[in-house]
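# Everything below, folded, please.
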Amino acid sequence: MQTTFSILFYPRGNDIDKNGYAPIYARITVNGKRSEFSIRRKVQLTRWNSDAGKIRGTTPDVRELNKYLLSIELKINKIQEQLSENNILITAEKIKNVYLGKNSNQKMLLAIFQEHNDQVNELIGKDFSAGTVERYKTAMKHVTDYILKEYQVKDIPVREVDLKFITGFEYYLKTTRNCAHNSAIKYITNFKKIIRIAYANDWISKDPFIHWKAKLKIVDREFLTSDEIQRIVEKDFSTDRLNQVKDIFIFSCFTGLAYADVKKLTKNDIVIGIDGQNWIKTKRTKTDTRSNIPILSIPQAIIDKYEVHQESLDTELLLPVLSNQKMNAYLKEIADLCEINKNLTFHLARHTFATTVTLTNGVPIESVSKMLGHKSLRTTQHYAKIIDKKVSEDMNALRLKMDAIEQNNAKKSINQ
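Coordinates of the predicted model:
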């Protein structure tokens, strides 16, 4: 029996989005029986040429999409020819499955992502922090939602990820998910690791990220001034919870430790340093790098204060640290009560240590970097730039004052 075979591309009119775009489908027909699949591209219905089975126009994006349609047609024709040459019973469904890789050991993107996340989850506390694992989970959720929104499927073959997918995902994060630039880049970087795994295992033939370039934007981090620190230190709050949060926050301002590192501190992390004074020696949760910090008088007083706190007595923990959510909520109250017009978060204490407490007081940047547990001095240098900016602002203010004095003296000379 002679086999009839045809391929047709068409936009599905009942799936039009709010911008007038409809998904394009490929329809394979063999002996009158059809099988269809989405090619994961969209087109405006008004631009579709039904007779030619392609898009009207000559713009670069139109030419690129029409070229893509032709490439699909050529691949499907080749599959049909190969099945015919091998005397395999040809059906529309079989051709579609071969094209989509359903008859091979082809790897699916989200399946790889999930396998990676499961492995990372098992390594919490060994090779990865809980925060890192959570970021990978969030990144996978964003990729999952993007695939569902853009391609109307639950998963795609990893070989389908190309530069268009990556740039589309970036646009989705910044628009639909309303992510800031740096947040979007970090999620894409998490996703990039999954693609690199696929490339290393030969599940894909080339790295689609090779032409994707993105840089994080430098963000000026807020920090407290000496006056603002003093206001918090001297403020006596009416509730124990606010005084407790204040103490832990000030402790971080004078040690530079992040929330996760303060929370896990134990009495064993306090050692006698080379100078005979108490030091904190601990590994950062985020990077697993060591932080060596001499304890100044203010944080030492806070340690002594909570030495007999019930939580310290019941556990080996050095300080009674509340959850990060509660700490940040109470810090908002503290900011209001101390009349500090800044977004007071626990992490702001780390920035304050790097700027106001150390660099501003002449501590060498290499020492600050070691205390902060930075892997690279470049990370610490950003704080030095902030200090330079502050010096520039202060000197400009001084320059204006001196100019005003000179102008005033000049007027007096003229009047005399």
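
# The closest residue to T46 other than its chain neighbours and V43, how far apart?
Spatially, and ignoring its direct neighbours in sequence, T46 is nearest to G20 (7.2 Å; Cβ to Cβ, 6 or more residues apart in numbering). Heads up, the C-betas are built off the backbone N, CA and C, glycines and all. Distance, G20 to V43, by Cβ to Cβ, to the nearest Å: 10 Å.

# now whichever strand in the chain runs longest, how far from the chain's geometric center?
Ranked by residue count and defined by DSSP state E, the top strand of the chain is strand 33-44. With Cα atoms, centre = their mean, to the nearest Å as the basis, strand 33-44 stands 33 Å off its chain's centre.

# contacting residues around the helix or strand following it?
Downstream of strand 33-44, the next assigned helix or strand under DSSP states H and E is strand 48-49. Applying Cβ atoms under 8 Å, 6 or more residues apart in numbering, the external contacts of strand 48-49 come out as Y10, P11, I55, R56.

# Any idea how many residues pack against the last one?
A total of 13 residues lie near R56 under the criterion other Cβ atoms under 10 Å.

# these two touch, right, it and L45?
No. With contact defined as Cβ atoms under 8 Å, R56 and L45 do not form a contacting pair (11.2 Å).

# Which elements pack onto the longest strand of the chain?
Packing partners of strand 33-44 (3 or more Cβ pairs under 8 Å, 6 or more residues apart in numbering; DSSP states H and E): strand 5-11, strand 21-30, helix 60-85, helix 92-100, helix 130-151.

# pLDDT on the longest one, on average?
Put plainly, it is helix 60-85. Across helix 60-85, pLDDT averages out at 91.

# Tell me the buried residues in that helix?
The neighbour-count check on helix 60-85 (16 or more other Cβ atoms under 10 Å) flags L65, N66, L69, I72, I76, I79, Q80, L83 as buried.

# thought the fourth one was touching I24?
No. At 9.7 Å, I72 and I24 do not qualify as touching, with contact defined as Cβ under 8 Å.

# Quick check: neighbours shared by those two?
By Cβ under 8 Å, 6+ apart, I72 and I24 have these common neighbours: F9, I39.

# Show the pLDDT at the residue positioned nearest the centre of the chain.
Taking Cα atoms, centre = their mean, the centroid of the chain lies closest to K186, which sits 2.9 Å from it. Here, the pLDDT recorded for K186 equals 94.

# Quick check: closest non-adjacent residue to it.
Using Cβ to Cβ, 6+ apart and skipping the chain neighbours, the partner closest in space to K186 is R135 (7.3 Å).

# Strands along the chain, start to end?
With strands called from DSSP E, the chain shows them at 5-11, 21-30, 33-44, 48-49, 54-55, 270-272, 278-283, 290-294.

# which regions of the protein sit below the pLDDT cut-off?
Confidence mapping of the chain against pLDDT under 70 gives the ranges 1-2, 103-105, 219-220, 385-390, 412, 414-416.

# Could you rerun that using 50?
For the chain, applying pLDDT under 50 flags the ranges 1.

# Output the longest helix belonging to it.
The residue-count maximum for a helix in the chain (DSSP state H) belongs to helix 377-415.

# by contact count, what packs against it?
If you count contacts as 3+ Cβ pairs under 8 Å, 6+ apart, helix 377-415 packs onto helix 365-372.

# And the helix it packs on, what does it pack against?
Applying 3+ Cβ pairs under 8 Å, 6+ apart, we find helix 365-372 packed against strand 290-294, helix 377-415.

# show me the contacts for G32.
G32 neighbours (Cβ under 8 Å, 6+ apart): T4.

# Quick check: closest non-adjacent residue to Q300.
Nearest non-adjacent residue to Q300, counting by Cβ to Cβ, 6+ apart: N278, 6.3 Å away.

# Could you tell me how many residues sit around the one you found?
When neighbours are counted by other Cβ under 10 Å, N278 registers 16.

# so it sits right up against L296, yeah?
No. Under the criterion of Cβ under 8 Å, N278 is not in contact with L296, lying 9.7 Å apart.

# Now do the contacts for the residue nearest to K186.
Counting by Cβ under 8 Å, 6+ apart, R135 makes contact with K186, Y187, N190.

# Roughly how far does the last one sit from F237?
So the one you mean is N190. Distance of N190 to F237, computed by Cβ to Cβ: 40 Å.

# ok, those two, which is more surrounded?
N190 (21 against 17).

# Now distance to K174 too, for the buried residues of helix 60-85, in CSV please.
Shown next, in CSV, are those (distance: Cβ to Cβ, whole Å):
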residue, distance to K174
L65, 23
N66, 28
L69, 29
I72, 29
I76, 35
I79, 38
Q80, 41
L83, 44
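
# and of those residues, the nearest to L163?
The closest of those to L163 turns out to be L65 (Cβ to Cβ; 14.6 Å).

# That closest one and G20: what is the separation?
As judged by Cβ to Cβ, L65 and G20 stand 16 Å apart.

# same deal with T352?
52 Å.

# Then I55?
Here the criterion is Cβ to Cβ. By it, I55 lies 14 Å from G20.

# who has more neighbours, those two?
I55 (22 against 12).

# wouldn't that one be in contact with L45 here?
No. In this structure, I55 is not within contact of L45 by Cβ under 8 Å, at 10.6 Å.

# the helices in the stretch 101-250 of the chain, which residues?
109-122, 130-151, 163-175, 181-200, 226-234, 240-253 (DSSP state H, counting those that start in this stretch).
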